[in-house]
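*Asks:* Just the structure for this:
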Amino acid sequence: MFGNDFPGALVETGQFEGDALVYRSGFQAEGATLKLRNVTRVTAPGTLVSEEYMAMKDAPETLLVRVDAKKR
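*Replies:* Model (predicted):
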């Protein structure tokens, strides 16, 4: 992932957790640690859902973006 508020690239590590592919990462922003978690799963043949969650410091995660993709 690349951003315009920090230099370089963000490396995420991932693994399957059940039927979901989960990537986790974190970086420093404005003196605090920002944590990201992306969860992607197939929901039906030719369809998947990907959700990106974020948390600042020790706050609970909040949904940042959800993508529903369907093969045409």
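*Asks:* Only C-alpha atoms from now on, for both contacts and neighbour counts.
*Replies:* Noted.
*Asks:* worst-scoring helix or strand of the chain, pLDDT-wise?
*Replies:* Least confident helix or strand of the chain, by mean pLDDT, DSSP states H and E, is strand 20-29 with a mean of 89.
*Asks:* Name the surrounding residues that touch that one.
*Replies:* The contact list for strand 20-29 (CA atoms under 8 Å, 6 or more residues apart in numbering) reads 6, 10-16, 33-42.
*Asks:* Just the ones in helices from those residues, please.
*Replies:* Per DSSP state H, helices hold no members of the contacts of strand 20-29.
*Asks:* now the residue most central in space within the chain, which residues is it bridged with?
*Replies:* Geometric centre of the chain, nearest residue: Asn38, 2.4 Å, by CA atoms, centre = their mean. Legend: beta-bridge partners of Asn38 under DSSP bridges are Tyr23, Glu52.
*Asks:* sorry, back to before: separate out the buried members of the contacts of strand 20-29.
*Replies:* Leu34, Lys35, Leu36, Arg37, Asn38, Val39, Thr40, Arg41, Val42 (16 or more other CA atoms under 10 Å).
*Asks:* okay if I get the residues you listed as a markdown table plus distance to Glu61 and pLDDT?
*Replies:* Listed next are those as a markdown table, based on distance: CA to CA, whole Å; pLDDT from 0 to 100:
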| residue | distance to Glu61 | pLDDT |
| --- | --- | --- |
| Leu34 | 10 | 87 |
| Lys35 | 8 | 91 |
| Leu36 | 9 | 91 |
| Arg37 | 9 | 94 |
| Asn38 | 11 | 96 |
| Val39 | 13 | 97 |
| Thr40 | 16 | 97 |
| Arg41 | 19 | 97 |
| Val42 | 22 | 96 |
